[in-house]
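Visitor: Kindly generate the corresponding structure for this input.
(chains A and B)
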Amino acid sequence: MRKVEKAAEQKTTAPYDFRATEAKWQRLWRESGVFEAKAEPGRPKYYVLEMFPYPSGKLHVGHIRNYTMGDLVARYRRAQGFNTLHPMGWDAFGLPAENAAIAGGVHPARWTLDNILTMREELERMGFAYDWPREIATCHPEYYRHEQKMFLDFLRAGLAYRKESWVNWDPAENTVLANEQVIDGRGWRSGAIVEKRLLSQWFLRITAFAEELLEALGGLERWPERVRLMQENWIGRSEGARVVFEVDGGVGPVEVFTTRHDTLFGASFLALSPNHPLALKLAEKDPELARFIAECDRLGTSEATIEAAEKRGYKTGFLARHPLEESRRIPLYVANFVLMEYGTGAIFGCPAHDQRDLEFARKYALPVIPVVLPEGEDAAGFAIGEEAFVGEGVHINSGFLDGLSVAAAKKAAAARLEALGRGESATAWRLRDWGVSRQRYWGTPIPVIHCKICGIVPVAEKDLPVRLPEEVNFDIPGNPLDHHPTWKHVSCPRCAKAALRDTDTLDTFFESSWYFLRFCSPRAAAAFSAQEVGYWMPVDQYIGGVEHAILHLLYSRFFTRALRHCGYELDCDEPFEGLFTQGMVCHQTYQSSAGEWLFPEEVSSDGKGRLVDRGGALVTVGRLEKMSKSKRNIVGLERIVETYGADTARFYLLSDSPPERDLEWTESGIEGIWRYVNRLWRLVNEPPLPLPPAGAQPPQGEGPRHSLARRIHKTIAAVTEDLDKFRFNRAVARIRELTNAIEEAFRSEGGGAEVLRFGLETLCRLLAPMMPHLAEEMWQALGGKGLLAAQAWPKADPELAREEEVTIAVQVNGKLRATLMMPRDSAKGELESAALALPQVARWLAGRAPKKTVVVPNRIVNIVG
RNA sequence: GCGGGCGUGGCGGAACCGGUAGACGCACUGGAUUUAGGAUCCAGCGAUGCAGAUCGUGGGGGUUCGAAUCCCUCCGCCCGCACCA
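Guide: You can find the predicted model right below:
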């Protein structure tokens, strides 16, 4: 007997063959077409979408985390009976392709298409349930032609217009730089000091929808609160007033926007943005001011840099007249922290009640006049120290506003300003119109022609798409479309005289603002089919990184509205009904002794617990950081999939870290999953006890394995709820608990093997959205019929999941002193007397009589003595 | 600078609505098995203490019978800021 057992033990299966298994199921899924969706009017649909990737070359685990979650949702919803759409494509225009062309001489199209090829293969190896026939790439003329038409429609509707705006200019390369290409005020390649330059560019009038975009946020119930908040702040509606200050010396009035017009009597200076027309005008006769402005321009266009810079001002020598106090004059400054893009590009400073103004006033020795008195302070003794007072109070030192509250003073001040013709109530928005012109090659050509005689002439729709020229030279600095020998030279569609194409291309956010519509009918002759979009839209669940919380999502929300406005047949305003923003994937960073960043695979242990590089030199272990190319802390997908298979990688990405939080990639973590994969495989491939045939009903009522049945039902209920709420890490924990419970039940004595089979089958179904290949293989090994991918999601029976007994915590004076098993839903009185009868309670009461007892049914009894 | 977020064992995290802190996993320790390594199985694993017990959720304070959870305050870290996508 002993020997037999031993022989059985030694019959250990070879490790789970993920290579063959994963390839097999991927083939079967593809051949069966289970994941290809067709609109079926009347049947409930579910549109799952992950933010499509930029084809940068290789997928990394950050992408995979995103797609694993999307795939889970797609498979889960399909199992629940929804007609599920789950497409994938490529956000294929962008700067990196152009950089590659400059650095390596590869054509951007070639580079992009090659990358797509590799990345698609990698996605296929992950076994994601995509509807591949719907794949799109935005660099394809059949995609961007529709975008060009949209642009022309926007133009016709007055939603696209031209205006001058600032860009980062690299004087050495004669190129416009992206903010990320400006490092410490210098061009990343040339090292030349970057300047700000004015350029005439195309803008989309997103501000026309500001109010609506703000209002509608309230209806986005399945969006994370913080994303809505961020968008709200980004749109930034503020109620205030425009105030006109006359300036002595005949240089014209200055208009400011303020939200604190109640504090006008505390004004001690006026400040213009360095780009304010008046500042520029004054600079013409003031070389020192011109120098100051030039210095400010050197900061570049990034708001973060400008606002974080030391606050500086230049005193113009001009004096402005106070609008409410005839005799008063305040100095006119030009200040580097005043943004031309917000309000009117000019502010008045009230140092007593604004921290930034206070710092400015202290620096330039300007008066600080308190005009709002906090409650409990007396007017004579109140002075401003290090901190401006921004709270509520009563006005002082303010003429006709004295004694009024902040709100009342605002009203009164606005009324007086209006009566005097020196201002009025106004609303300002932080949101600015969307600049869409890019002086680059690898983007959608803007379909307009500039004619000396006719002005701006749209390209006729029959002539769309305006294609990018294929031959392009990246050796000459600047915009390749602009210096292309022939491309831009055309005849004007209106007067037939020689004219020039617009040589700018569209911002790549343009493509991602409507791709979710294209996916509904990816090969339609029009941008999208109204019928298909009508069925599939809105996206039920959108998943992507928080880094897109504002721009991409806001632009998409704007696009659906703008398209409707232009007559596109679309019946939703909000493209994304549900949104989930997942955290980033982080990894330790490594640096060589020379300070170079090292890839994780270049680092190994020297056997003495130290990390060394390939040459054996010691490696500095840096911080845990977001995976990025520049820090080289990237874990490539290939190696992981090669070593452990797709399912292991997927399950790892779902385990442990909550999806919205950052995840740390560790090698030991993935090994743990690999062991679990094999454990599962052994469990069905050679179960410790023979299983009854498929289809046998589990026995009802009390049996030796009845508690396992209860556990199974509880697990189904818990996992279902966790998946609904995006608590994937918890669902994983519940599934592992069930696995442990099944193994334990195998070891315990007695009959009821049907419950074991029921447990294993349930395990397969619950695992199916997470480790689909393994789950299919297990399902098949158990004798399940057909594809598991087409099986229904299990349903928990609340009757069978209910516990008959509960553990009651017993506290004395709030400290846990004992526990108590009681029938569930026992009455308060019963719980109380059972608790009081416990010897531990008597001991901790130490003879005192209980003063009070708090009883929470099914939870605790707290005796206060 | 402005806006958003996070902080619980050695590590990732769990704890539903204020009710047994540390589920599940990683790492580690001991044991079994093994020629060995690996794998597997069993047991242990917040800190202090022989123990009774005490302390413990970034720091400090508060509300409550009871706080990881609510309030105030301080500290640290991360993300976004309009031409990266």
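Visitor: A:E121 is in what secondary structure piece?
Guide: Assigned by DSSP states H and E, A:E121 falls within helix A:108-125.
Visitor: Only the buried residues of that helix, if you could.
Guide: Neighbour counts over helix A:108-125 (16 or more other C-beta atoms under 10 Å) mark A:108-109, A:111-113, A:115-116, A:119-120, A:122-123, A:125 as buried. No exception for glycine: its C-beta is placed from N, CA and C like everyone else's.
Visitor: so does it get close to RNA strand B?
Guide: No - in terms of C-beta under 7 Å from any atom of the strand, no part of helix A:108-125 sits within range of RNA strand B; the closest distance is 11.1 Å.
Visitor: Follow the chain on from that helix and name the next helix or strand.
Guide: Next element after helix A:108-125 (DSSP H and E): helix A:141-156.
Visitor: who touches whichever helix or strand comes after that next one?
Guide: Counting by DSSP H and E, the next helix or strand C-terminal to helix A:141-156 is strand A:160-170. Residues outside strand A:160-170 that contact it (C-beta atoms under 8 Å, 6 or more residues apart in numbering): A:151, A:154-155, A:175-179, A:181-182, A:187, A:189-190, A:192, A:194-205, A:275, A:300-301, A:433, A:435-436, A:439, A:456.
Visitor: How about stretch A:421-430?
Guide: By C-beta under 8 Å, 6+ apart, stretch A:421-430 touches A:207, A:210, A:233-244, A:257, A:259, A:261, A:323-324, A:342-343, A:414, A:417-418.
Visitor: same thing but at 6 Å, please
Guide: A:210, A:236-239, A:241-244, A:257, A:323, A:343, A:414, A:417-418 (C-beta atoms under 6 Å, 6 or more residues apart in numbering).
Visitor: which of these come close to RNA strand B?
Guide: By C-beta under 7 Å from any atom of the strand, the members of the contacts of stretch A:421-430 lying near RNA strand B are A:G236.
Visitor: I'd like the distance between the most centrally placed residue in chain A and A:P224.
Guide: Centroid check for chain A by C-alpha atoms, centre = their mean gives A:V546 as the closest residue, at 2.1 Å. Noted for A:V546: a distance of 8 Å to A:P224, by C-beta to C-beta, to the nearest Å.
Visitor: tell me what the helix or strand A:A835 falls within is packed against?
Guide: Taking DSSP H and E as the definition, one finds A:A835 inside helix A:828-836. Contact partners of helix A:828-836 among helices and strands, from 3 or more C-beta pairs under 6 Å, 6 or more residues apart in numbering; DSSP states H and E: strand A:852-856.
Visitor: How about the strand it packs on and RNA strand B, touching?
Guide: Yes - using C-beta under 7 Å from any atom of the strand, strand A:852-856 reaches RNA strand B at A:852, A:854, A:856.
Visitor: mind putting the residues you listed in JSON lines, pLDDT and neighbour count included?
Guide: Converted to JSON lines, the residues of strand A:852-856 next to RNA strand B look like this (pLDDT from 0 to 100; neighbours: other C-beta atoms under 10 Å):
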{"residue": "A:K852", "pLDDT": "89", "neighbour count": "8"}
{"residue": "A:V854", "pLDDT": "92", "neighbour count": "13"}
{"residue": "A:V856", "pLDDT": "91", "neighbour count": "12"}
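Visitor: residue ranges for the strands of the stretch 301-450 of chain A, please.
Guide: Here the stretch 301-450 of chain A has its strands, by DSSP state E, counting those that start in this stretch, at A:313-321, A:329-335, A:346-349, A:372-373, A:394-395, A:423-429, A:434-435, A:437-438, A:448-451.
Visitor: Helix, strand, or coil at the nearest residue to A:P108 once chain neighbours are set aside?
Guide: Excluding the flanking residues, the one nearest A:P108 by C-beta to C-beta, 6 or more residues apart in numbering is A:A97, at 3.7 Å. Per DSSP: H, G, I helix; E, B strand; the rest coil, the secondary structure class of A:A97 is helix.
Visitor: any idea which helix or strand carries the closest residue to RNA strand B within chain A?
Guide: Of all residues in chain A, A:G672 sits closest to RNA strand B, at 2.4 Å by C-beta to the nearest atom of the strand. Taking DSSP H and E as the criterion, A:G672 maps to helix A:667-685.
Visitor: tell me what that helix is packed against?
Guide: helix A:646-654, helix A:772-781.
Visitor: again, only this time at 10 Å
Guide: On a contact count with 3 or more C-beta pairs under 10 Å, 6 or more residues apart in numbering; DSSP states H and E, helix A:667-685 meets helix A:18-32, helix A:637-644, helix A:646-654, helix A:728-747, helix A:753-767, helix A:772-781.
Visitor: That helix vs helix A:646-654, what angle?
Guide: Helix A:667-685 and helix A:646-654 are oriented at 120 degrees to each other (axes from the mean of the first three to the mean of the last three C-alpha atoms, to 10 degrees).
Visitor: how big is the angle separating helix A:667-685 from helix A:728-747?
Guide: 40 degrees.
Visitor: what's the following helix or strand after helix A:667-685?
Guide: Assigned by DSSP H and E, the successor of helix A:667-685 is helix A:706-724.
Visitor: re the thing from before, ok, which of the strands of the stretch 301-450 of chain A comes nearest A:D724?
Guide: With C-beta to C-beta, the closest approach to A:D724 among the strands of the stretch 301-450 of chain A belongs to strand A:434-435: 35.3 Å.
Visitor: Give me the residues contacting that closest one.
Guide: A:160, A:163, A:165-167, A:199, A:201-207, A:507, A:509-510, A:513, A:551, A:554-555, A:558 (C-beta atoms under 10 Å, 6 or more residues apart in numbering).
Visitor: which strands and helices sit next to the helix holding A:E121?
Guide: helix A:18-32, helix A:61-79, helix A:95-104, helix A:637-644, helix A:646-654.
Visitor: go with 7 Å
Guide: Contact analysis of helix A:108-125 by 3 or more C-beta pairs under 7 Å, 6 or more residues apart in numbering; DSSP states H and E lists helix A:95-104 as its packing neighbours.
Visitor: by contact count, what packs against the helix it packs on?
Guide: Applying 3+ C-beta pairs under 7 Å, 6+ apart, one finds that helix A:95-104 contacts helix A:108-125.
Visitor: relative orientation of the helix it packs on and helix A:95-104 in degrees?
Guide: Here the directions of helix A:108-125 and helix A:95-104 differ by 120 degrees (the same axes, to 10 degrees).
Visitor: what mean pLDDT does helix A:108-125 have?
Guide: For helix A:108-125, the mean pLDDT works out to 95.
Visitor: Could you say which of the helices and strands packed on helix A:667-685 is packed most deeply?
Guide: Mean neighbours per residue, mean count of other C-beta atoms under 10 Å, is largest over the helices and strands packed on helix A:667-685 for helix A:646-654, with a mean of 26.
Visitor: you'd agree A:L654 is up against A:F726?
Guide: No - with contact defined as C-beta atoms under 7 Å, A:L654 does not count as touching A:F726 (10.6 Å).
Visitor: surely A:L264 meets A:A413?
Guide: Yes - look at A:L264 against A:A413 with C-beta under 7 Å: they come within range, at 6.0 Å.
Visitor: And those two? Which one has more around it.
Guide: A:A413 (29 against 26; other C-beta atoms under 10 Å).
Visitor: Quick check: chain neighbours aside, which residue is closest to the more buried one?
Guide: With C-beta to C-beta, 6+ apart, the residue lying closest to A:A413 is A:H261, at 4.6 Å.
Visitor: Backbone dihedrals for that neighbour, please?
Guide: Taking degrees, to the nearest 10, you get phi -70, psi -10 for the backbone angles of A:H261.
Visitor: So what's the residue count around it?
Guide: The number of residues packed near A:H261 is 30, by other C-beta under 10 Å.
Visitor: what does A:K725 give?
Guide: For A:K725, using other C-beta under 10 Å, the count is 10.
Visitor: hang on, the earlier thing: let me have the helices and strands packed on helix A:667-685 in CSV, adding mean pLDDT as columns.
Guide: Output for the helices and strands packed on helix A:667-685, formatted as CSV (pLDDT from 0 to 100):
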stretch, mean pLDDT
helix A:18-32, 95
helix A:637-644, 85
helix A:646-654, 94
helix A:728-747, 92
helix A:753-767, 92
helix A:772-781, 95
